[in-house]
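[1] I need the structure of the sequence given here:
(one chain, ligands or ions: 2)
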Amino acid sequence: MIRIADEVREATAVVALETTLIAHGFPPGEGVEVGLESERQVRAGGATPATIGVLDGEIVVGLTEDELARFDASARKIGPRDLAVAVEQRAVGATTVGGTLAVARAAGISFMATGGLGGVHRGFPDPPDVSADLGQLAKTPALVVSAGVKSLLDVPATAELLETLGVPVLGFRTDTMPLFYAAAGGPPVSARVESAEEAARVARTHWQIGGGGLLLGRPPDEPLDDIEPLIEAALRAAHDEDVHGQAVTPFVLSYLHRESGGRTQRANKDLVAQNARLAGEIATSSSARS
Ligand code: PSU
Ligand code: MN
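    Ligands and ions are numbered 1, 2, ... in the order given. This is a model prediction of the structure:
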């Protein structure tokens, strides 16, 4: 039921990539390009990309370019709880970070790259919305490279919950958790690392002592420091238009992309690529040591 591409099966260094970002994180057509660029960046880092999603009753690890093109806005968003249903109902299933990690765990993949991890929504407990990304990361021995967590979340609360769950939050050449678009101003990380090699060593040791997931926050190379007011306006608009649950992120992202004149979209695209490159380097470094 899990189909692993030959190239992925034979590779020693693999980086998993999600499909929710492709289907729901960007305007129609743009997402696939982001996905393909992520794959190129993983390769530039020396590793093999494995983009994960559900298609035609199978969980696919290593989607082809043609298959990737089927992940448009009509795809179902698939978290860990949704995988089996998507298989049985033959849905086009775009996996979130949590959904992707659940598959990575089953397939023995230890590294992943994305834009931002899900987490605790602002205003908790109203709504009582905490992403399944957190619980899945806690129990999956994998390192996820991201620019922190999604920009619309309560970042300090998410950092606290990651600590509760025993998930190390590493900062890549930074002492604070990146704030997705902005590089500075986030809560402190649990430790700072200076290189891909060091991140790989920490992850291996964490796993040797029975640990699960790790988050590595990489600040964007060209941060945007003026987006917070727009995020607040987008969340107010979502509230006023009665947008809830899974629909909030796509609503907020398209609001930001529109109101920033495309700046957030470019920044989002660039930071996903940078994270993919770093994850490729870490996976490569890790495989060289094993
Ligand atoms: N970050 C983005 N765009 C996205 C996501 C994160 O900039 O589309 C997706 C990821 O797939 C992440 C998911 O796993 O949102 C979390 O969704 P939720 O909060 O519904 O669990
Ligand atoms: Mn949620």
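[2] what number of residues lie near residue 225?
    Residue 225 has 11 neighbouring residues, counting by other CB atoms under 10 Å. (Each C-beta comes from the backbone N, C-alpha and C, glycine too.)
[3] pretty sure it contacts residue 182?
    Yes: taking CB atoms under 8 Å as the definition, residue 225 is a contact partner of residue 182 at 5.1 Å.
[4] who touches residue 49 in this structure?
    Residues in contact with residue 49, defined by CB atoms under 8 Å, 6 or more residues apart in numbering, are 14-15, 17, 38-39, 42-43, 62, 276, 280.
[5] next one: residue 242
    Neighbours of residue 242 in contact, by CB under 8 Å, 6+ apart: none.
[6] Got phi/psi on it?
    phi 60, psi 40 (degrees, to the nearest 10).
[7] Okay, residue 262 and ligand 1: tell me how far apart.
    The gap separating residue 262 from ligand 1 is 15 Å, by CB to the nearest ligand atom, to the nearest Å.
[8] What count of nearby residues applies to that residue?
    12.
[9] Same question for the one 5 residues further on.
    The burial metric for residue 267, expressed as a neighbour count using other CB under 10 Å, is 24.
[10] Any idea how many residues pack against residue 36?
    16.
[11] quick one: it and residue 65 touch, right?
    Yes: counting by CB under 8 Å, residue 65 is a contact partner of residue 36 at 6.7 Å.
[12] Now do the strands in the stretch 101-250 of the chain.
    In the stretch 101-250 of the chain, the segments counted as strands under DSSP state E, counting those that start in this stretch are 111-113, 143-146, 169-172, 191-193, 214-217.
[13] Centre of the chain to the fourth one, how far?
    Averaging C-alpha coordinates over strand 191-193 and over its chain gives two centres that are 20 Å apart (CA atoms, centre = their mean, to the nearest Å).
[14] other SSEs contacting it?
    Here strand 191-193 touches strand 169-172, helix 196-208, going by 3 or more CB pairs under 8 Å, 6 or more residues apart in numbering; DSSP states H and E.
[15] Over to the third one?
    When contacts are defined as 3+ CB pairs under 8 Å, 6+ apart, strand 169-172 packs onto helix 155-164, strand 191-193, helix 196-208, strand 214-217.
[16] low-confidence ranges in the stretch 1-150 of the chain?
    Across the stretch 1-150 of the chain, no stretch falls below the confidence threshold (pLDDT under 70).
[17] which bits of it sit near ligand 1?
    18, 20-21, 24-25, 79, 96-98, 115-116, 118, 131-133, 150 (CB under 6 Å from any ligand atom).
[18] Write the ChimeraX selection for whichever of those residues are buried.
    Only the buried entries of these go into this ChimeraX selection, using 16 or more other CB atoms under 10 Å:
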select :18,20,21,24,25,79,96,97,98,115,116,118,131,132,133,150
